[in-house]
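Participant: How does the following fold in three dimensions:
(one chain, ligands or ions: 2)
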Amino acid sequence: MDTLGKTITCRAAIAWERNSPLSIEEVQLEPPKAGEVRIKMTSSGICGSDNHILKGSLPGNFPLIPGHEGAGIVESIGEGVSSVKPGDKVLTLVVPQCRECNSCLAPKGNFCEKQDILPSSGLMLDGTSRFTCKGQEIYQAFRTSTFAEYTVVPEIAVAKIDDAAPMDKVCLLSCGMPTGYGAAIHSAKVRELPVCWCAP
Ligand SMILES: [Zn+2]
Ligand SMILES: [Zn+2]
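Facilitator: Ligands and ions are numbered 1, 2, ... in the order given. Below is the predicted model of the structure:
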């Protein structure tokens, strides 16, 4: 199917309002604009932050397509995109890396100022969404929305991965695994003990 430059009709899971069950709907997804990447999703994890936004403990706008821990294959790229090309395997990033803001350039931390978690607008960097359903604009959770067959994300929120990556498992590297690893290594400063204190 030649989808290049065209609006794609596909399925996505939509939360029409806070604390409502997800509903599988047919949605329309626009082509990527400049600096954006359209991805055919192959797998997505379910992260606690998805639950937080669905339950309202993280403020967000509805109707919303949740999901940010995704793996997929680039379908097409917008003008000026240079880090990935169609056919590349990629992960979506809930914390993007613009590589030019104060947070990205600081030696410690990486909470890029172009993130969309706190606060969450649910819109792309130009203030619009690429998704509609039944004529209504649908918000994109954290500028990702991986609970969809296709999605559009900013180029700075995409990381190219190895061609041999197992696409059904690698989505966990997108958020859950580095979050847990970082909490253990950097926040808790877990270290190997020189002796085992529990030995008899
Ligand atoms: Zn997450
Ligand atoms: Zn940045």
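
Participant: Distance check, Ser20 against Lys55.
Facilitator: Distance of Ser20 to Lys55, computed by CB to CB, to the nearest Å: 11 Å. Where you see a C-beta, it was placed from the backbone N, CA and C, and this is true even at glycine.

Participant: Equivalent analysis for Ala159, please.
Facilitator: On the measure of CB to CB, Ala159 and Lys55 end up 28 Å apart.

Participant: do Lys6 as well
Facilitator: For Lys6 relative to Lys55 (CB to CB), the value is 36 Å.

Participant: ok, now Ala106?
Facilitator: 32 Å.

Participant: and if you look at Cys47?
Facilitator: In terms of CB to CB, Cys47 sits 13 Å off from Lys55.

Participant: Compare these two and say which one has the larger neighbour count.
Facilitator: Cys47 (22 against 10; other CB atoms under 10 Å).

Participant: if I read this right, the more buried one contacts Cys175, doesn't it?
Facilitator: Yes: using CB atoms under 8 Å, Cys47 makes contact with Cys175 at a distance of 5.2 Å.

Participant: what pairs with the closest residue to Lys134 other than its chain neighbours across the strands?
Facilitator: Distances taken as CB to CB, 6 or more residues apart in numbering place Glu25 nearest to Lys134, at 7.8 Å, with adjacent residues excluded. On the basis of DSSP bridges, Glu25 is bridged to Ala12.

Participant: Can you get me a residue count around Glu25?
Facilitator: Counted with other CB under 10 Å, Glu25 comes out at 18.

Participant: going forward can the numbers begin at 736, since that is how I track them
Facilitator: Sure thing, new numbering starts at 736, so read that last one as Glu760.

Participant: Spell out which residues sit in contact with it, please.
Facilitator: Arg746, Ala747, Ala748, Ile749, Cys868, Lys869 (CB atoms under 8 Å, 6 or more residues apart in numbering).

Participant: Mind jotting down where the helices sit in the chain?
Facilitator: Assigned by DSSP state H, the chain shows helices spanning 783-790, 837-840, 911-917.
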